[in-house]
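Chemist: Starting from these lines, generate the structure:
(chains A and B)
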There are 2 protein chains.
Amino acid sequence: MIRDQRSQGRHAILGEIRRAGSVARVDLARRTGLSQATVTAITAELMGAGLIEEGTALAGSGDARRGRPRVGLQIRGAAHLVAGAKIADRSIVAAVADFTGRVLGEATVPLSGRVQGTEALARDIAAAAAKAAEAAGTGLAGLSGLGAALAGIVDAEAGIARWSPALERRNAPLRAALEAATGLPSFIDNDANLVAMAELYFGEGKGIADFLVVTVESGVGLGIVLGGRIYRGIRGSGAEFGHTKVQIDGALCRCGQRGCLEAYVADYALLREAALRPGPHPGDPQAGMAQLLAQARSGDPMAASIVARAERIFAMGLANLVNIFDPQLIILSGELAQHDYLYDEKVIAMVAGQTVQAGAPPPEIRVHRWDDLMWARGAAAYAIEGLAARALAGLGEDAA
Amino acid sequence: MIRDQRSQGRHAILGEIRRAGSVARVDLARRTGLSQATVTAITAELMGAGLIEEGTALAGSGDARRGRPRVGLQIRGAAHLVAGAKIADRSIVAAVADFTGRVLGEATVPLSGRVQGTEALARDIAAAAAKAAEAAGTGLAGLSGLGAALAGIVDAEAGIARWSPALERRNAPLRAALEAATGLPSFIDNDANLVAMAELYFGEGKGIADFLVVTVESGVGLGIVLGGRIYRGIRGSGAEFGHTKVQIDGALCRCGQRGCLEAYVADYALLREAALRPGPHPGDPQAGMAQLLAQARSGDPMAASIVARAERIFAMGLANLVNIFDPQLIILSGELAQHDYLYDEKVIAMVAGQTVQAGAPPPEIRVHRWDDLMWARGAAAYAIEGLAARALAGLGEDAA
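Modeler: Numbers count the residues shown, from 1 in each chain, chains lettered A, B, ... in the order given. Next up is the predicted model:
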């Protein structure tokens, strides 16, 4: 069943206003294919609901010919404040944003435990959101919703974390725990999906219908955007790029299977090889990686060989994505400082040699460096999308 | 830009009638979310254009309570006759179908050459379509359109075969050549996409929004259906599953790259290994494969090892599709007799051991055996879709 036409029109118009920043009614009609009368009716509804507002007069030829200045419609920032939280390895980074996605406050709090129970994690997230809300001059009660991004397999629709390295148990009802801990409508998703959402709303993917986002942190993540929406699969276990197999009976992965991309590319995989020749940082993966990369750069053959294999396998994985999706754009996204060697031009050049030659230029692979705050911003965007969908649903059915 | 609402409504209603076979107006409104008034207006337009017709009265409670029998709307088969053609290894299989997709005639003609020029291939396809039209009691002039399915990289939108084993040159303007040879509006696409379309219109994918179709012939094909539509990528080179890499620096592929799935799974890959111990059929791949498989079944260790590796790599490739797409269904589709060993329950069971454990049952993998005629039927469905889109566009813009 498709959404009824009025509802579809509302989503199209709100989405177009968000993309444009500020847009005149006449341009909304042109860009959405809706009639001028429909645009007028729907924008009146959205203004009535407090979701959009009239901004400043726009320059341009539109209605100016008729002597009226064109008024730009924009998202009403004050409509809702939301929090977004990214659960990182040892901490939670939270941001509070207005309904346009503008960040008003941020905070980082340490995790009580790197692996913990559902309620304990929810309390940590609530504390981070409260601290970010305080930085924005309000409190949890001043917010309308919360989005949270975590690594692992997340059934976003059901609000259940099927598996996450941050959680003790499988099938954790994290959304319900967050709603209990914060009193706010809450939304959870896989962190790679939410970094893709950040790219879609604020980043390199703005205005692009089909693109992929690949992230390397302690694992390898993939976000798939098709037709301007996050593609999630049926069980919430899609886009598990890090666990696609690149070698039959290959290296053992943390997931228990063999030959996963991660088992060749993730930090632990490189350190496992480097352990053949122990260094001075046995208990500190970050220092161990820094040492390994420094050795490789200085020409140490064993270190160089370890890094070179990771680069080649990563390029092979990216080539497989190009071969399957033939996307418009691949964004290598995230806090990349630590994994810069994987995002090197040399690696990107290797991709072309492993993709099908289509007689047309291969898709662009663009590197976008950012920090945990941007992941939190993606989580906030997810909360904005969830709240907007609820608000639009509240406007009722097709009257036609 | 989205389609205007009226146009969207027309597509939704025509699609729903096609899926349902026969459906009452009241149920169309329920299933599409359109208002009863809109359904009445659009169905009147579609009847006026000769695309749909009223069929027999339906049983059921709908309007019967008010004493009127419910009338089923159905696709008007006579609206258009179309031809679909599948270019196989040595022949072309063509079918002529009515606008419902019902096959009225079929024909097989040998290819003039296995690799030939664009005009020569277009003439062969035209001859096959003409013969199928004759079998249906008409001629090329009695048809409204032609769809053709070929292996390789096809830019469906531009109508250009970027590369195909059936064509001498890259970037062949095959659609234009077909229109010149037949005088019919023509549509071309990759054959795996059109077998996916056959599954979507007539087969196991009917009514399923997101599914994948994997085919094994001389190569390995993939069709991706997302949101009830074929996903084609930007350059027409997506879904190149056969050339995803399963081994770095692996076996040499016909495409010139190394480690492609095909280089382990296609007939030539198995025969290449079997050539270590030449058999009685050096110039006959089909006989060579039959011998190899018979040897494997009878317990010959070398033959069994060759077949077992192909099975394991094929399962690994399928697992990668599950890991990336998490689809509702994977259909293993095509004329499978020759490749039955790859579609064995044992192989399908191997897939589960290489997919991410999501805490929910893995997607179903369903085997659907059919012959070249069904590929031709998929090509006919593609022509039907193309003609329907043109007819709907001719109905004009949103009047609201």
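Chemist: Identify the residue of the stretch 301-400 of chain A closest to chain B, quick one.
Modeler: A:D326 (2.6 Å; Cβ to the nearest Cβ). Where you see a C-beta, it was placed from the backbone N, CA and C, and this is true even at glycine.
Chemist: For that residue, grab the count of nearby residues.
Modeler: 25 (other Cβ atoms under 10 Å in any protein chain shown).
Chemist: chain center to stretch A:81-98, what's the gap?
Modeler: In terms of Cα atoms, centre = their mean, to the nearest Å, the centre of stretch A:81-98 is found 12 Å from the chain centre.
Chemist: For it, measure first residue to last.
Modeler: Distance between the two ends of stretch A:81-98: 4 Å, counting by Cα to Cα, to the nearest Å.
Chemist: can you tell me the average pLDDT over that stretch?
Modeler: Averaging pLDDT along stretch A:81-98 yields 94.
Chemist: Now do the SS call for the nearest residue to the residue of the stretch 301-400 of chain A closest to chain B once chain neighbours are set aside.
Modeler: Closest residue to A:D326 apart from its sequence neighbours, by Cβ to Cβ, 6 or more residues apart in numbering or on different chains: B:G233 at 2.6 Å. Here B:G233 is recorded as coil under DSSP: H, G, I helix; E, B strand; the rest coil.
Chemist: Quick check: phi and psi at B:G233.
Modeler: phi 80, psi -180 (degrees, to the nearest 10).
Chemist: near chain B, which residues of the stretch 151-300 of chain A show up?
Modeler: With Cβ under 8 Å from any Cβ of the partner chain as the criterion, the stretch 151-300 of chain A meets chain B at residues A:153, A:155, A:162-163, A:170-171, A:210, A:222, A:226-227, A:231-241, A:243-248, A:255, A:257, A:259.
Chemist: neighbours around whatever residue of the stretch 51-200 of chain A ends up closest to chain B, how many?
Modeler: As assessed by Cβ to the nearest Cβ, chain B sits closest to A:R162 within the stretch 51-200 of chain A, at 4.1 Å. Using other Cβ under 10 Å, A:R162 has 22 other residues around it.
Chemist: what residue ranges in the stretch 1-150 of chain A score low on pLDDT?
Modeler: Low-confidence segments of the stretch 1-150 of chain A (pLDDT under 70): A:1-4, A:59-69.
Chemist: quick one: A:T40 from A:D340, how far?
Modeler: According to Cβ to Cβ, to the nearest Å, A:T40 and A:D340 sit 51 Å apart.
Chemist: What are the boundaries of the helices in the stretch 301-400 of chain A?
Modeler: A:301-325, A:345-352, A:372-393 (DSSP state H, counting those that start in this stretch).
Chemist: same deal with chain A?
Modeler: A:5-20, A:25-32, A:36-48, A:118-135, A:174-182, A:191-202, A:262-265, A:267-274, A:285-297, A:301-325, A:345-352, A:372-393 (DSSP state H).
Chemist: possible to save those as a markdown table with mean neighbour count?
Modeler: Putting those into a markdown table (neighbours: other Cβ atoms under 10 Å in any protein chain shown) gives the following:
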| stretch | mean neighbour count |
| --- | --- |
| helix A:5-20 | 20 |
| helix A:25-32 | 18 |
| helix A:36-48 | 17 |
| helix A:118-135 | 23 |
| helix A:174-182 | 21 |
| helix A:191-202 | 28 |
| helix A:262-265 | 25 |
| helix A:267-274 | 19 |
| helix A:285-297 | 16 |
| helix A:301-325 | 21 |
| helix A:345-352 | 15 |
| helix A:372-393 | 24 |
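Chemist: Only the buried subset of the residues of the stretch 151-300 of chain A next to chain B, as a PyMOL command please.
Modeler: Restricted to buried positions by 16 or more other Cβ atoms under 10 Å in any protein chain shown, the PyMOL selection for these reads:
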select buried, chain A and resi 153+155+162+163+171+210+222+226+231+232+233+234+235+236+237+238+239+240+241+243+244+245+246+247+248+255+257+259
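Chemist: Take the residues of the stretch 151-300 of chain A next to chain B and keep only those in strands.
Modeler: Among those, the residues falling in strands (DSSP state E) are A:153, A:155, A:162-163, A:222, A:226.
Chemist: Quick check: the farthest pair among the residues you listed?
Modeler: The largest separation in those, counting by Cβ to Cβ, is between A:W163 and A:L226 at 24.4 Å.
Chemist: And the residue in the stretch 101-250 of chain A positioned nearest to chain B, how far from B:Q247?
Modeler: The minimum distance from the stretch 101-250 of chain A to chain B, using Cβ to the nearest Cβ, falls at A:G233 (2.6 Å). A:G233 is 26 Å from B:Q247, where distance means Cβ to Cβ.
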